[in-house]
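Undergrad: I'd like to go over a predicted model; first the sequence, then the structure.
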Amino acid sequence: RRRAALCGAPVSMPVPKLVVAVAPVTDLETGHEMKLSDEGDAIPLYMRCLPDSEENIAKYRAASPQRALPSEVPVILAVGMEDTDVPASMVAGFHEKVLAAGGASSQLFTFDGADHYAPMDTATPEWAQIREAMDKHMAST
């Protein structure tokens, strides 16, 4: 378990039972280099800095999920194969890295014909599949 200091005393932080990531940018340095998003500025806007110094590069690395492996928490990943904001290859590559690192499980959903938003729209069949996997996982814990 990860620990946080509160007034100098270690406090046990709760560990989530599941992480669900839809079209996640799993490597912020690469995402910045690729200029992900419609305007190409999603990563620096999220990070509130550019990776233009050692300090800022360290921030990007600390915020990148691929640098937090192995995962202690099972992961469900989802991406539309027609996503022009986050490449499906980035998500699939992260899935492989989670599996290779050991630790918790990873389940990958790829949706043919789906764009960036379809998997996170609760009215779509893509979301229904993700939700079913979430419910199944939570029922087994």
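TA: That came in fine, so what should we check first? Residues are numbered from 1 along each chain as shown.

Undergrad: Quick check, pLDDT for the residue nearest the centre of the chain.
TA: The residue at the geometric middle of the chain, judged as the C-alpha nearest the mean C-alpha position with C-alpha atoms, centre = their mean, is Pro24 (4.0 Å). Looking at Pro24, its pLDDT stands at 97.

Undergrad: That one: what's it in contact with?
TA: For Pro24, the set of contacting residues under the criterion of C-beta atoms under 8 Å, 6 or more residues apart in numbering consists of Pro65, Leu77, Val86, Val91, Phe94. To be clear about C-beta, it is placed using only N, CA and C from the backbone, and glycine gets the same treatment.

Undergrad: what two of these have the greatest distance between them?
TA: Farthest-apart pair in the contacts of Pro24 is Pro65 and Val86; separation 12.4 Å (C-beta to C-beta).

Undergrad: Val79 belongs to a helix?
TA: No - if the criterion is DSSP: H, G, I helix; E, B strand; the rest coil, then Val79 is strand and not within a helix.

Undergrad: what secondary structure does the residue nearest to it when sequence neighbours are not counted sit in?
TA: Using C-beta to C-beta, 6 or more residues apart in numbering and skipping the chain neighbours, the partner closest in space to Val79 is Val91 (4.1 Å). Put simply, Val91 is helix when judged by three-state DSSP.

Undergrad: residues in contact with Val91?
TA: For Val91, the contacting residues are Ala21, Ala23, Pro24, Thr26, Leu77, Ala78, Val79, Leu108, Thr110, by C-beta under 8 Å, 6+ apart.

Undergrad: May I have the phi/psi pair for the nearest residue to Met134 once chain neighbours are set aside?
TA: Closest residue in space to Met134, ignoring its immediate chain neighbours: Val20 at 6.0 Å, by C-beta to C-beta, 6+ apart. Here the main-chain torsion angles of Val20 (degrees, to the nearest 10) amount to phi -120, psi 120.
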